[in-house]
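Novice: Take a look and give me a structure for this.
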Amino acid sequence: MTTRPPVPPFTRETAVQKVRLAEDAWNSRDPQKVSLAYTVDSRWRNRSEFVNGRAEIVAFLTRKWSKELDYRLIKELWAFNENRIAVRFAYEWHDDLANWYRAYGNENWEFDEGGLMLVRHASINDLPISESERKYRWPLGRRPDERPGLSELGL
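Specialist: Numbers count the residues shown, from 1 in each chain. Coordinates of the predicted model:
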């Protein structure tokens with residue numbers, strides 16, 4: 001069995017750590033790397049799309065990040081229990097015509113005993129923004145620790 005710490009049952013500290021690890025992985029924009037946090041048979045609902053298993057996760061994320069350019073994400077813990085975590089998030093991206101967006105959403109996660117995600121439900125809304133309204137202005141990749149989170153940004 002594969003283990004991906006932190007593992008359930010979650011404490012506030014380990015839930016916050018799990019959320020930050022997920023944020024860091026998604027900010028890598030590396031579909032293969034991201035997929036390894038999920039069980040081989042993980043089930044997703046992402047907006048209106050249903051994704052099943054790691055191969056579909058990789059295909060989904062490859063499509064996503066070929067469209068959502070200069071993607072930068074912040075996740076924040078909302079709630080947790082033994083093997084579930086709820087997060088809220090916002091990310092910024094632009095399309096190939098330089099139209100900027102901020103996407104807001106919530107995710108519900110369920111984990112197996114090894115800390116791999118079994119289920120991910122994501123509800124997401126996109127808001128067109130101007131380039132001057134962007135709030136995420138760090139170099140591509142991991143959000144630096146000194147950069148504010150969602151609550152500090154008023155999001």
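Novice: Which helix in the chain has the most residues?
Specialist: Taking DSSP state H as the criterion, the chain has its longest helix at helix 12-28.
Novice: can you map out the strands along the chain?
Specialist: Assigned strands in the chain, in chain order: 38-46, 49-52, 69-80, 84-94, 100-111, 117-129 (criterion: DSSP state E).
Novice: of all those, which lies closest to D145?
Specialist: Ranking those by their distance to D145 (criterion: Cβ to Cβ) puts strand 69-80 first, at 12.3 Å. (Each C-beta comes from the backbone N, C-alpha and C, glycine too.)
Novice: Return the list of helices and strands in contact with the longest helix of the chain.
Specialist: helix 31-35, strand 69-80, strand 84-94 (3 or more Cβ pairs under 8 Å, 6 or more residues apart in numbering; DSSP states H and E).
Novice: ok, and what's touching the last one?
Specialist: What that stands for is strand 84-94. Taking contacts as Cβ atoms under 8 Å, 6 or more residues apart in numbering, the residues outside strand 84-94 that touch it are 10, 15, 18-19, 22-23, 68-80, 100-111, 129, 131, 134-136, 150, 155.
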